[in-house]
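>>> Could you work out the structure for the sequence below:
(4 chains)
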Number of protein chains: 2
Amino acid sequence: MIRLTKQADYGILLMTQFARAGASALFSTSDLAARTGLSVPMVNKTLKLLQRGKLLTSVRGVNGGYQLGRGANAITLEEIIEAVDGPIAITECHEHTGGAECGISASCPTRVNWGVINNAIRDSLAGVTLLQMVHPLFGTGRMRSREGRQAV
Amino acid sequence: MIRLTKQADYGILLMTQFARAGASALFSTSDLAARTGLSVPMVNKTLKLLQRGKLLTSVRGVNGGYQLGRGANAITLEEIIEAVDGPIAITECHEHTGGAECGISASCPTRVNWGVINNAIRDSLAGVTLLQMVHPLFGTGRMRSREGRQAV
DNA sequence: GCGATACAGAACCAAAAGAGTTCTATTTTC
DNA sequence: GAAAATAGAACTCTTTTGGTTCTGTATCGC
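Now for the predicted structure:
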């Protein structure tokens, strides 16, 4: 099964917290742990990765924390996932170089198509912004944004 | 990193062997192991999954083996991957049911979009047939189909 | 009929990756 | 200078994956 790692999932969850709270919101690790229900160390670790990926900026020191590195409409799912999990590639063939070292090179020409598929997936993820994640894309209009309601 | 399991990769590799050899070709496990360079037990295991997924039909007994269950143009990557690895879903939320049991349900409405993304990825994979994998899709026409040439 | 060949299915083991924690350093405020 | 908060790395435990082995069943050929 193709699946996202949990940490990438956490990354997305954390980013949505920022996006919902507004562009200038600043949260500390413990704030976010409390908000999301995740453990402090895990939140800590994930935020660092997001910071390294330039998606968050950090403020050190006593009243420090993290805030969005840029507008929520300028951050895509692809970026978040790459920041946390590393490059997105469904098959490993295209990671190193051309694939000459595949071991089973006799059947490797087949895999030219993988590039196409990898791109398609990447595009799917790059097409969704953080802003869209926060305001689900049921068209554009109003929708009950009331939380706590178990909408199933 | 989002990645395919090795076994799914093997599955695709094995299927391409059938596709290349023609619709009625019948291979035994050991044939395929020799052709692909994979171990016999691993090939064995993978072929069984493909058979269970109705992508291959099996012939038992002495001169038995496996052959394509239908035309190579009617088998998609999605089917192969699902047969070997199970359902394709980039996030786990949509596997069980509605997602009421997410634990972090307060932030779960966000994930409505996952359905969209999962579908996009699935479509990417469903859009590539086994036949296309064998005859790489550089347009439609003639192309040097000569193998052995290390086309890089 | 009997043995050889080949698939069917399940169980099992080891290695690798993922999830999560802990520890030490550095920066900033009060 | 103490407290609060990020930076970074190392480490452990669990789960998953990769791979093997074993037992059973069907078919062919002698």
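
>>> okay, CA-based contacts and neighbour counts for the rest of this
Noted.

>>> For the helix or strand encompassing residue A:66, name the packing helices and strands.
Following DSSP states H and E, the helix or strand that holds residue A:66 is strand A:65-68. Helices and strands touching strand A:65-68, by 3 or more C-alpha pairs under 8 Å, 6 or more residues apart in numbering or on different chains; DSSP states H and E, are helix A:6-21, strand A:56-59.

>>> Residues touching the shortest one, excluding its own?
Okay, so that is strand A:56-59. If you take C-alpha atoms under 8 Å, 6 or more residues apart in numbering or on different chains as the criterion, strand A:56-59 is touched by A:47, A:50, A:51, A:64, A:65, A:66, A:67, A:68, A:69, A:70.

>>> Looking at the strand holding residue A:66 now, give me its mean pLDDT.
The average of the pLDDT scores along strand A:65-68 is 96.

>>> Let me know the next secondary structure element after it.
Using DSSP H and E, the helix or strand that follows strand A:65-68 towards the C-terminus is helix A:77-85.

>>> That next one vs chain B: in contact?
Yes: residues of helix A:77-85 contacting chain B under C-alpha under 8 Å from any C-alpha of the partner chain: A:81, A:82, A:85.

>>> Quick check: closest non-adjacent residue to the first one.
Read it as residue A:81. In space, not counting the residues next to it along the chain, residue A:81 is nearest to residue A:8; the distance is 5.4 Å by C-alpha to C-alpha, 6 or more residues apart in numbering or on different chains.

>>> same check, this time on the second one
Closest residue to residue A:82 in three dimensions, ignoring its sequence neighbours and counting by C-alpha to C-alpha, 6+ apart: residue A:88, at 6.3 Å.

>>> Could you count how many residues lie near that neighbour?
21 (other C-alpha atoms under 10 Å in any protein chain shown).

>>> Is it in contact with residue A:77, as I believe?
No: taking contacts as C-alpha atoms under 8 Å, residue A:88 lies outside contact range of residue A:77: 11.1 Å.

>>> Which strand or helix spans the residue nearest to residue A:82?
With DSSP H and E as the criterion, residue A:88 is inside neither a helix nor a strand.

>>> Show the pLDDT at it.
According to the prediction, residue A:88 has pLDDT 77.

>>> Could you do residue A:108 as well?
Here, the pLDDT recorded for residue A:108 equals 50.

>>> try residue A:28
Residue-level confidence at residue A:28 comes out at 96, pLDDT.

>>> do the same with residue A:44
According to the model, residue A:44 scores 96 on pLDDT.

>>> what's the residue lying closest to residue A:70 once chain neighbours are set aside in contact with, if anything?
Excluding its sequence neighbours, the residue lying closest to residue A:70 (C-alpha to C-alpha, 6+ apart) is residue A:55, at 7.0 Å. Shown in contact with residue A:55 (C-alpha under 8 Å, 6+ apart): A:68, A:69, A:70, A:75, A:79, A:80.

>>> any chance of these in CSV, plus neighbour count?
As requested, the contacts of residue A:55 are exported to CSV (neighbours: other C-alpha atoms under 10 Å in any protein chain shown):
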residue, neighbour count
A:68, 23
A:69, 18
A:70, 14
A:75, 22
A:79, 24
A:80, 25
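
>>> Specify which member of the residues you listed is nearest to residue A:122.
residue A:79 (9.8 Å; C-alpha to C-alpha).

>>> So what's the residue count around the residue lying closest to the closest one once chain neighbours are set aside?
The spatially closest residue to residue A:79, leaving aside those adjacent along the chain, is residue A:126, at 7.4 Å (C-alpha to C-alpha, 6+ apart). Burial of residue A:126, expressed as a neighbour count using other C-alpha under 10 Å, amounts to 15.

>>> what's near enough to touch residue A:126?
By C-alpha under 8 Å, 6+ apart, the contact set of residue A:126 is A:76, A:77, A:78, A:79.

>>> buried sites along the helix or strand of chain A with the lowest mean pLDDT?
Ranked by mean pLDDT, DSSP states H and E, the weakest helix or strand in chain A is helix A:112-126, scoring a mean of 78. Of the residues in helix A:112-126, those buried under the neighbour-count criterion (16 or more other C-alpha atoms under 10 Å in any protein chain shown) are A:112, A:113, A:114, A:117, A:118, A:120, A:121, A:122, A:124, A:125.

>>> Same check on stretch A:51-67?
Within stretch A:51-67, the residues that count as buried by 16+ other C-alpha under 10 Å are A:51, A:53, A:54, A:55, A:56, A:57, A:58, A:65, A:66, A:67.
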